[in-house]
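A.B. asks: Pasted the sequence and its predicted model underneath.
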There are 2 protein chains.
Amino acid sequence: MVYREILQRGQKIILVVVDGIGGLPVLGGFTEMELAHLPNLDALARKYPVGALEPVAAGITPGSGPAHLSLFGYDPLNYRIGRGILEALGVGLEVRKGDLAIRGNFATVRDGVVVDRRAGRIPTEENRRLIEKLKAIDKVGDVEVIWKSGKEYRFVLLLRGEGLSENVRETDPGKEGLPPVAPEPTIPEGEKTARILKEIYRRAVEILKDEERANYFLLRGYATYPDIPTFQERWGLRAFGTAAYPMYRGLAKLVGMDVPDDTPDFESELKALEESWDKYDFFYIHFKDADKAGEDGDWKRKVEALQTFDSYVPRLLGLGGVLAVTGDHDTPCLIRGHSWHYVPLLIASKRAGVPTAWHFTERESLKGSLGLRRSTELMGLLLATAGWLKKYGA
Amino acid sequence: MVYREILQRGQKIILVVVDGIGGLPVLGGFTEMELAHLPNLDALARKYPVGALEPVAAGITPGSGPAHLSLFGYDPLNYRIGRGILEALGVGLEVRKGDLAIRGNFATVRDGVVVDRRAGRIPTEENRRLIEKLKAIDKVGDVEVIWKSGKEYRFVLLLRGEGLSENVRETDPGKEGLPPVAPEPTIPEGEKTARILKEIYRRAVEILKDEERANYFLLRGYATYPDIPTFQERWGLRAFGTAAYPMYRGLAKLVGMDVPDDTPDFESELKALEESWDKYDFFYIHFKDADKAGEDGDWKRKVEALQTFDSYVPRLLGLGGVLAVTGDHDTPCLIRGHSWHYVPLLIASKRAGVPTAWHFTERESLKGSLGLRRSTELMGLLLATAGWLKKYGA
């Protein structure tokens, strides 16, 4: 990494991730960002350069994990975060090096056959009651066993100890009418983990035996903690992250950012950021609502979410430093989900490039002087703009 | 390299490097190129395609070495030119394969401790007097020793012979109050070089012992000649280069271009190019003044420099062949130094692409049909436009 070779001290950097920011035409040929009234962002777009980022590669729609890694400057095709780890982060479990995280589904088994892979979508409260009972299984041999409820029938099983491995068969047969699969090792390395999972099943089946619907559970997405350098190791900056949702806090923690946990909304995220201003060089802050509205295909709510975010811009600017606004990915209402399209980007600094836009929109960002790039390249632009990079070569 | 596989004979190509060409808004929101009156370049921009080049990678501000290598089609992250070699090129020393080039600083040492790493910034004339004396040391064993003055306290020491190595400790302790470091080998490969440097020091200290300020010197930036294919090996074209400054002549020589030395200004560069027109396929010519004004943050002088360059455009066009105008990097007056931003590019050929611009400016070049690319990709566009490339595949 040539960036580390030419590092010097620079200004503070704020990276705002407006989750699902961009969209596609939804009304009269206009997109979500075009329909929104964004006076503060538009003022920045007239004064400073815009551009657009491709989260992973042409046509690749990323989940939140790869999309965030990419913005943090890690190629998500090289650094893969297993599904179990993401689920664990999503339910707010702390995950450490060496841990094995597993997605669990409560299920219904009759006569040795899975008759419902989701246990009739039991309500979250019932899930919580069952997980409380299963917590009796808190240790097998030298391995700590951690249970955490998710929504409805979902939970996370986390094993903590030495020598754990992903190389065990998933117990979910993938469809109803088949027996659960035994957690056998797929290679010898998986033997210890298989032994522990079998013992967990032996005790758990006893605990759940009188349940009408959730009398069993299926495991998949085994994932050990990824071998990933910290943000500070990679870029040399002391980093702070803040997000209302556990998944995003978890992603920031995964790359070694310091992340407060008591930030239930954007207002409290911003407050936490302000209070930590003196202690860090780099600040990641996450705004969720645009993505949620996009997933629901509700463009009016997405427009409102963008407008709400816009109202926070003066406060972010007031902190000083270099402010960048972008998204981890677009969530077009037309698609009702994440998408692969270029994500609008704005860097509020005269040094960042020539201004070219009148408004901060999907369309105008495509023609900006920050270019069309992979999201992994954003960190280079931010470091340069904030003065963290010396000249390369003479 | 697929280019070599599909090479055929084409037209002549002229690559004009307007050093530090692009900028950022400096007056009323307008950039240097927008403020300049460039009737000849603007006429080309209306008729031919424009585009923009990224010298190295996102956010990387290149020195002249990496920036030029990139334009010549060598990835500067793979081909690194050591500091000593660049200094040697900068003072106009001829450098050959196997040479070891070293940056020297005259310094003041008292009681075994460096008290001034720059010998009180002695004037260049004093430097020249000392170097004349040190030239008495012209050979150590089988190694030729070459001395050349730079500005003030700086000089270059070049060793020429067999088995020289960079793997010797730099003698500069990096700050005052410490003794000079002995030039010990860092690995066994460096032993011969270390022995020679110690002998040079032994004799030099004797020569300098009565100097009040420059009674010692410190060495750093050891660099052997890079292992780099010639331009003709890489692209198949016979190449000519011309520049007023030794550094740029040296860079052209480094990739094996034929370069005349008696070209003190752009006028004489252009004359040398015209006189060599029949003998080469590719012509590199360097215009320096825009960069100098940018480094000084003097946008009026930069505008003048661009206008001066513009006045030469008809003469360059008159030569025939495919004319490309770009820079090695931007030098925005706002930044007062090289920058990482996209560099405007124009290729004066109807074959090169669709015209899109009214003026040749930073902003309009971003939207041109030559695209936004790494500078290393320019050679492909030039070869294609000038007819040097056959169809790839059937």
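C.D. replies: Noted; the coordinates are in hand. Numbers count the residues shown, from 1 in each chain, chains lettered A, B, ... in the order given.
A.B. asks: which neighbours does the longest strand seen in chain A have in its sheet, and in what orientation?
C.D. replies: When chain A is parsed with DSSP state E, its longest strand is strand A:100-110. Pairing partners of strand A:100-110, with direction, according to DSSP bridges: strand A:113-116 (antiparallel), strand A:154-160 (antiparallel), strand A:216-224 (antiparallel).
A.B. asks: Are the helix or strand that comes right after the last one and chain B in contact anywhere?
C.D. replies: Read that as strand A:216-224. Next helix or strand after strand A:216-224 toward the C-terminus (DSSP states H and E): helix A:231-235. No: using CB under 8 Å from any CB of the partner chain, helix A:231-235 never reaches chain B; the gap is at least 11.2 Å. Where C-beta positions appear, they are placed from N, C-alpha and C, glycine not excepted.
A.B. asks: Pairing partners for the helix or strand containing A:A324, with directions?
C.D. replies: Assigned by DSSP H and E, A:A324 falls within strand A:322-326. Within its sheet, strand A:322-326 is paired with strand A:13-18 (parallel), strand A:343-348 (antiparallel), according to DSSP bridges.
A.B. asks: Tell me which of these lies nearest to B:E54.
C.D. replies: Closest approach to B:E54 among the strands paired with strand A:322-326 is made by strand A:343-348 (15.6 Å; CB to CB).
A.B. asks: got a list of contacts for that closest one?
C.D. replies: A:21-22, A:33, A:41, A:44-45, A:47-55, A:317, A:322-330, A:353, A:360-362, A:365, A:368, A:370, A:375, A:378, A:381-382, A:385 (CB atoms under 8 Å, 6 or more residues apart in numbering or on different chains).
A.B. asks: for stretch A:197-214, same thing?
C.D. replies: By CB under 8 Å, 6+ apart, stretch A:197-214 touches A:106-108, A:116, A:119-120, A:122, A:126-127, A:130, A:133-134, A:136-137, A:140-141, A:145, A:153, A:157, A:168, A:171, A:182-183, A:215-217, A:219.
A.B. asks: Return the subset of these lying in helices.
C.D. replies: Assigned to helices by DSSP state H, the following of the contacts of stretch A:197-214 qualify: A:126-127, A:130, A:133-134.
A.B. asks: end-to-end on stretch A:4-13?
C.D. replies: 17 Å (CA to CA, to the nearest Å).
A.B. asks: closest point of the stretch 1-150 of chain A to chain B, which residue?
C.D. replies: Of all residues in the stretch 1-150 of chain A, the one sitting closest to chain B is A:V2 (6.0 Å; CB to the nearest CB).
A.B. asks: Run through the residues of the stretch 201-350 of chain A sitting next to chain B.
C.D. replies: A:K350.
A.B. asks: residues near the residue of the stretch 1-150 of chain A closest to chain B, how many?
C.D. replies: 16 (other CB atoms under 10 Å in any protein chain shown).
A.B. asks: Likewise for the one 4 residues further on?
C.D. replies: Each residue near A:I6 was counted by other CB under 10 Å, and the total is 17.
A.B. asks: before we move on, what about A:A88?
C.D. replies: By the criterion of other CB under 10 Å, A:A88 has 30 neighbours.
A.B. asks: That one touches A:K148, doesn't it?
C.D. replies: Yes: here A:A88 reaches A:K148: they are 7.5 Å apart, a contact under CB atoms under 8 Å.
A.B. asks: In contact with the nearest residue to A:H37 once chain neighbours are set aside, which residues are there?
C.D. replies: Nearest residue to A:H37, sequence neighbours excluded (CB to CB, 6 or more residues apart in numbering or on different chains): A:Q307, at 6.0 Å. Contacts for A:Q307 (CB under 8 Å, 6+ apart) come out as A:36-38.
A.B. asks: and those residues, which are buried?
C.D. replies: Neighbour-count burial (16 or more other CB atoms under 10 Å in any protein chain shown) applied to the contacts of A:Q307 gives A:36, A:38.
A.B. asks: What residues of stretch A:58-77 count as buried?
C.D. replies: Neighbour-count burial for stretch A:58-77, counted by 16+ other CB under 10 Å, picks out A:61-74, A:76.
A.B. asks: Domain map for chain A?
C.D. replies: A:2-80+A:228-385, A:85-224 (automatic domain parsing).
A.B. asks: Point out the most buried one among the ones you listed.
C.D. replies: domain A:2-80+A:228-385 (a mean of 21; mean count of other CB atoms under 10 Å in any protein chain shown).
A.B. asks: Endpoints of that domain, how far apart?
C.D. replies: 16 Å.
A.B. asks: Just confirm A:V143 contacts A:S165, I think it does.
C.D. replies: No: counting by CB under 8 Å, A:V143 sits too far from A:S165 to count as a contact (11.7 Å).
A.B. asks: about what we covered before: could you dump the domains of chain A into a markdown table with mean pLDDT added?
C.D. replies: Putting the domains of chain A into a markdown table (pLDDT from 0 to 100) gives the following:
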| stretch | mean pLDDT |
| --- | --- |
| domain A:2-80+A:228-385 | 97 |
| domain A:85-224 | 96 |
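A.B. asks: Let's have those in CSV, adding distance to B:V343.
C.D. replies: Below are the domains of chain A laid out as CSV (distance: least, CB to CB, whole Å):
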stretch, distance to B:V343
domain A:2-80+A:228-385, 12
domain A:85-224, 41
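A.B. asks: ok so, going back, pick out whichever of the buried residues of stretch A:58-77 sits closest to A:W277.
C.D. replies: Looking across the buried residues of stretch A:58-77 and measuring by CB to CB, the closest to A:W277 is A:F72, at 19.8 Å.
A.B. asks: which residues sit in contact with the closest one?
C.D. replies: A:231, A:255, A:284, A:379.
A.B. asks: in the sheet, who's paired with the third one?
C.D. replies: This means A:Y284. Beta-bridge partners of A:Y284, as defined by DSSP bridges: A:L15, A:G241.
A.B. asks: separation between it and A:V17?
C.D. replies: Using CB to CB, to the nearest Å, A:Y284 is found at 7 Å from A:V17.
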